[in-house]
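Enquirer: Return atomic coordinates for the entry below.
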Amino acid sequence: MPMAFAANANANAAQPPAVGSSDAALRVKAAYLYKFAGYVEWPPEVFASVNSPIVVGVIGDDDLEEILSRMIAGRMVNGRPLVTRRLEAGSSLQGVHMLIVGALDTPTLRIIGDAVRGKPVLVVSDAGQKRILDSMISFDLVDQHLRFNVALRPAETSGLKLRALMLTAARRVTRGDP
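Expert: Residues are numbered from 1 along each chain as shown. The predicted structure follows:
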């Protein structure tokens, strides 16, 4: 069954900006996202073929999607090309392997969380959203530096394996719920 979600048309209303919303911060975040793809093992059945791309869906942060798209153009990770897909409220999540969630309202975050929970989709968000989404990776601003935290339980229940190198680079690794 295709994963999809519907959301309030004013999903970005009255929300704080995403962690580090400047161009430089977005480039750092995009670089992290590119690296994350190399440290995740998806179940083989989520790919149509051995050449299928890793699809990175981005919702709620068009600027990040644009920077990430340029950064990964023509690049491969573990023998697979990377592609981005800009998502909006109501977009299908079918075929998405990584889901990057920008600043959205709480009801929309809950809908997205419900749509991906237990599915083999690496969910990445900002720290304030991690509990609502069951994010596996959450970004945090610490002393003006972008850092990331990892929650293992959501990754395990989704059938994803995170490599040890990612865990050692994380600011914090949580074994239980995010």
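Enquirer: measure residue 175 to residue 147 for me?
Expert: 18 Å (C-beta to C-beta, to the nearest Å). In this view, the C-beta of every residue, glycine as well, is placed from N, C-alpha and C.
Enquirer: so who does residue 155 touch?
Expert: By C-beta atoms under 8 Å, 6 or more residues apart in numbering, the contact set of residue 155 is 122, 136, 161-162.
Enquirer: cool, and residue 54?
Expert: Counted by C-beta under 8 Å, 6+ apart, residue 54 has contacts 37, 42, 77, 80-83, 97-98.
Enquirer: Tell me the buried residues within the contacts of residue 155.
Expert: 122, 136, 162 (16 or more other C-beta atoms under 10 Å).
Enquirer: And the helix-or-strand element of the chain with minimal mean pLDDT, what does it pack against?
Expert: Sorting the helices and strands of the chain by mean pLDDT, DSSP states H and E puts helix 130-133 at the bottom, at a mean of 71. Applying 3 or more C-beta pairs under 8 Å, 6 or more residues apart in numbering; DSSP states H and E, we find helix 130-133 packed against helix 106-116.
Enquirer: same question for the helix it packs on, mean pLDDT?
Expert: For helix 106-116, mean pLDDT rounds to 87.
Enquirer: cool, and stretch 165-178?
Expert: 82.
Enquirer: got the CA positions of it in CSV?
Expert: In CSV, the C-alpha atoms belonging to stretch 165-178 read as follows (Å, rounded to 0.1, in the frame of the first residue of the first chain):
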residue,chain,number,x,y,z
LEU,A,165,30.8,4.8,12.4
MET,A,166,27.6,6.9,12.3
LEU,A,167,27.0,6.1,16.0
THR,A,168,30.5,7.1,17.0
ALA,A,169,30.1,10.5,15.2
ALA,A,170,26.8,11.2,16.8
ARG,A,171,26.5,13.7,19.7
ARG,A,172,24.2,11.4,21.5
VAL,A,173,22.9,7.8,20.8
THR,A,174,19.6,6.8,22.5
ARG,A,175,18.9,3.1,22.7
GLY,A,176,15.2,3.5,23.6
ASP,A,177,12.6,5.8,22.2
PRO,A,178,13.8,9.1,20.8
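Enquirer: Please consider this matter closed, and thank you.
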